[in-house]
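*Asks:* give me the fold of what follows.
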Amino acid sequence: MDSGEKHYVWQADDWPQWRYDLSALACSLTEVSRAQGVLLGRLADVGLALRDQASLAALTEDVVKTSEIEGEVLNVESVRSSIARRLGVDMGAVAPVDRHVEGVVEMVLDATSRAATPLTAERLFGWHAALFPTGYSGMHRIAVGQWRDDVGGPMQVVSGPVGRRKVHYQAPPAKRLPAEMATFLSWANAQTGEPALVKAGLAHLWFVTLHPFDDGNGRIARAVGDLFLARADGSPQRFYSLSAQIQRERRDYYDVLERTQRGPLDVTGWLSWFLGALGRALTSAQSTLDAVLNKARFWQRWAGTPLNERQVKLLNRLLDGFEGKITSSKWSAIAKCSPDTALRDITQLLDLGVLTKSPGGGRSTGYQLAILSPDG
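*Replies:* Sure thing, here's the model as predicted:
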């Protein structure tokens, strides 16, 4: 990149004086606020235990999806166990948890449950160290808990095979990071006058534009955004996941991010997309809450029925959104029991009316939860 050319937003003469048209965002802000109110209104009508379960479901989705955006697949049961233990939520059997899962969980919970605590360099370094407990990203050693130094060249976001790489974005030089991050953190912790949801969108954008770490910038940017969303909600509990919505709209997210980082300091377009995605995340959270309430109603219905640990474990897997259909062979593998035992478990649940057969038969016979009547 020639020193005289200006390709990126941080090269603007008036950087970082973000601009946006608040009147153009007014409708989106109203819609998001309405969706927040509807969701919180529903949650106000359920008990504390169900609110805890709804928060557990949202946080689990957030942790899993923020990593999935970066191509990392975490074990859902391990994530749920880690969060449940930290929140003190009873979920029965606990799945084993590895250090990497623990690190992502620590970051997300610190960002959301301690949203009112100032955002500092030390706090960000702690998040980064939690994400990379071994000091490696894959096979590569990285600088952990410190700003990047660019010893291997400028920080670039690229795609494509070696030899035909496309540069989507190049971050500011490392030598500028101490001053750039000081400016960002001063703004983050000050009363700066923007609507709270707008500040959340700006914080996400500003952090990922600075790209201050060797790796993990996307996950930390989303955690920064979640911190400001928690401040906007005025609650340490999370009941929706913006990261999950970004994962569902990942291509659009990267497209609007690249356009914004290569454009002027007017970021109305980015904020419009951010607020739209947030609104859709809140709508999706209604389905998550439906699932939590359905699970509670299910166990109320079958509370007096004696079931073994395997049956309880598998039924919970189905209630939590098991992908595909459950078969006797999958039951055997998940429950770590013999095929005959799995078939006996399933047959008993069929006789009780807890399960029904899915369409199809023979060796591919699948089973699903029986639909409860409205009165349970």
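*Asks:* contact partners of stretch 33-50?
*Replies:* By Cβ atoms under 8 Å, 6 or more residues apart in numbering, the surrounding residues in contact with stretch 33-50 are 51, 54, 197, 233, 235, 239-240, 279, 282-283, 285-286, 289, 292-293, 296. Bear in mind the C-beta positions are built from the backbone N, C-alpha and C, glycine included.
*Asks:* can you do 10 Å?
*Replies:* Residues external to stretch 33-50 that are found in contact with it (Cβ atoms under 10 Å, 6 or more residues apart in numbering): 51, 53-55, 89-90, 195-197, 229, 232-235, 237, 239-240, 278-283, 285-286, 288-290, 292-293, 295-296.
*Asks:* stretch 184-200: which residues count as buried?
*Replies:* By 16 or more other Cβ atoms under 10 Å, the buried positions in stretch 184-200 come out as 184-185, 187-188, 194-195, 197-200.
*Asks:* show me where pLDDT drops low in the protein?
*Replies:* Low-confidence segments of the chain (pLDDT under 70): 1-5, 91-97, 360-363, 373-376.
*Asks:* which helix in it has the most residues?
*Replies:* helix 268-301 (DSSP state H).
*Asks:* distance between it and the chain's centre?
*Replies:* Using Cα atoms, centre = their mean, to the nearest Å, the mean C-alpha position of helix 268-301 is found 12 Å from that of the whole chain.
*Asks:* hey, where'd the strands end up in the stretch 1-150 of the chain?
*Replies:* Listed in chain order, the strands of the stretch 1-150 of the chain (DSSP state E, counting those that start in this stretch) span 136-137, 140-141.
*Asks:* okay, those strands, which one's buried deepest?
*Replies:* Sort the strands of the stretch 1-150 of the chain by mean neighbour count, taking mean count of other Cβ atoms under 10 Å, and strand 136-137 sits at the top with a mean of 14.
*Asks:* need the contact partners of it.
*Replies:* So strand 136-137 is in contact with 131, 142, 144, 213-216, going by Cβ under 10 Å, 6+ apart.
*Asks:* the same query, at a cut-off of 6 Å, please.
*Replies:* Applying Cβ atoms under 6 Å, 6 or more residues apart in numbering, the external contacts of strand 136-137 come out as residue 215.
*Asks:* which residue ranges of the stretch 151-300 of the chain form strands?
*Replies:* 156-159, 166-170.
*Asks:* name every strand pairing with the longest one and say which way it goes.
*Replies:* So the one you mean is strand 166-170. Under the criterion DSSP bridges, strand 166-170 sits next to strand 156-159 (antiparallel) in its sheet.
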